[in-house]
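1. For reference, the sequence and a predicted model appear below.
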Amino acid sequence: MELGLEREDYELFVKDAMQNCIVVGGACKNGCVFCSCKAQTAACRKNWTNYISEADLRSVVDFIDPTQTIYFGEGPSFLSCEPFQHPEYIKLLQVLNEYFPNTKKITTTIGKNIDPKWYSALESCGIKFIVSVNTFDFATRKEVMKSKDDITGLKRLLSEHSNLIEKISLMHYGDVDILNKDLDILYNINPDYLYKKEILLRMTDYSIYHNEQTKQLYEDGKKTWNEAVKLFDNRTTYPSYWLTSLSDFPEDVKKNEIYYNIHYARNMFKMKINAVVKDSERILIEKEDLGFLLSESVYDYFVQEYPDLNAIRVPNLTFKGSYKVSGLLTKHDIMNAVLKHDAYKLYACSVNIFNKFNRDLHGNHVLYDYPIKLVMA
């Protein structure tokens, strides 16, 4: 694959850089069955590009905010590919570090095929890893990760360079015993992963673009999800979870300030709803004239907490399946719900539906393309 972005890709590359995200390009070769690439291609996110060149990187450094974390290897306009597939990743990282030696840098990786000779350069550049371990179980890894495995290299990275690791994530496919063994292995590698670092647990997702195997992985995980969460919560100090719903979750879990904590997420959600209600009162909009456009991930919780407000369920018509969070809705989803509930003078929806340019995943701007009175929170 060539170095240097095509013009169309470069324009998206610049937009991502304005959000402190620098994609390195390429096309992921890992072939994981649960990957969102098929679904997100339908949302007009780029599935592959040329690898970026050093000139591409240097051309966007003026857009980077040095006071904020730099995400080096991923961006909202592109699918996240394994960063270490780029043949000059280390060189590019060193170039980035020339400009931002004191800025925190993050990259997401599955931890495979990272040459040990790169470790010292990675440490000197101050980059931190979010490592998607998935699972250590050999049979499960073979089933869901279709590329050649490198579990030895993954364990070496975790064992010898824990200082590079910002966060670990594990997948739950339904077998709680496997999850428990994964935690045992992490403990034996380094207890800090359980007791001193953030650790994420998630289920796989599926959409209309995935096959039945992926759907079954989700269904199996959902059956024992609450049991898995309770185990995970008891065995780790800083657990976080890939939240697919504010309501379908065990109540007796740890409270902390990690974003992907159910208590924190619920409190933030209620703060935003209360702010919208207060603002609507300020501009003399009665409650009966205000409709809340809600993704399926928050709808049930909203109805429970705010029975006197007008809830409008917004299904995800683009992806369907388990894709129910606000950030994956589109203008089409919003307008479909509005047209079925057109009695309100003002509508409120999540700001997560739109990027900093107020456009959805398809690049549409709902206020320009289909004007309605809309507030975002």
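-> Perfect, I can see it now.

2. Contacts for stretch 173-181 next, please.
-> 135-137, 140, 144, 170, 172, 201, 203-204, 217, 220-221, 223-224, 227-228, 231-232, 235 (CB atoms under 8 Å, 6 or more residues apart in numbering). C-betas here are computed from N, CA, C, even on glycine.

3. Just the buried ones from those?
-> Neighbour-count burial (16 or more other CB atoms under 10 Å) is assigned, among these, to 135-137, 140, 144, 170, 172, 201, 203-204, 217, 220-221, 224, 228, 231-232, 235.

4. quick one: which of those sit in helices?
-> Judged by DSSP state H, helices contain the following of the buried ones among the contacts of stretch 173-181: 140, 144, 217, 220-221, 228, 231-232, 235.

5. Which of the helices and strands in this protein ranks last by mean pLDDT?
-> One helix or strand of the chain scores below all others by mean pLDDT, DSSP states H and E: helix 366-369, with a mean of 59.

6. Between the ones in helices among the buried ones among the contacts of stretch 173-181, which has the least confident prediction?
-> The member of those with the lowest pLDDT is Val144, at 86.

7. burial count for the nearest residue to it once chain neighbours are set aside?
-> Counting by CB to CB, 6 or more residues apart in numbering, Val33 is the residue found nearest to Val144 once chain neighbours are left out, at 5.1 Å. Residue crowding around Val33 was assessed by other CB atoms under 10 Å; the count is 15.

8. Start the count at 89 instead of 1 going forward.
-> Taking 89 as the first residue, the last one we looked at is Val121.

9. Quick one: list the elements packing against the longest helix along the chain.
-> When the chain is scanned for its longest helix (criterion: DSSP H), the result is helix 350-370. Counting contacts by 3 or more CB pairs under 8 Å, 6 or more residues apart in numbering; DSSP states H and E, helix 350-370 is packed against strand 378-383, helix 387-393, strand 434-437, strand 462-464.

10. any chance of the ones you listed in a markdown table, with mean neighbour count and distance to Pro175 too?
-> Below are these laid out as a markdown table (neighbours: other CB atoms under 10 Å; distance: least, CB to CB, whole Å):
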| stretch | mean neighbour count | distance to Pro175 |
| --- | --- | --- |
| strand 378-383 | 24 | 40 |
| helix 387-393 | 17 | 46 |
| strand 434-437 | 23 | 42 |
| strand 462-464 | 16 | 41 |
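
11. just the strands in the stretch 89-238 of the chain please.
-> Along the stretch 89-238 of the chain, the stretches classed as strands by DSSP state E, counting those that start in this stretch are 109-110, 158-160, 193-197, 215-222.

12. closest to Ile441 out of those?
-> Proximity to Ile441 (CB to CB) singles out strand 109-110 among the strands of the stretch 89-238 of the chain, at 18.3 Å.

13. Thought Ser212 was touching Asn251, still the case?
-> No. Using CB atoms under 8 Å, Asn251 is not in contact with Ser212; the gap is 11.9 Å.

14. So which of these two has more stuff around it?
-> Ser212 (12 against 8).

15. ok, now which ones touch the residue lying closest to the more buried one once chain neighbours are set aside?
-> Among residues not flanking Ser212 along the chain, Asn185 sits closest, at 7.7 Å (CB to CB, 6+ apart). For Asn185, the contact set (CB under 8 Å, 6+ apart) comprises 193, 212-214.
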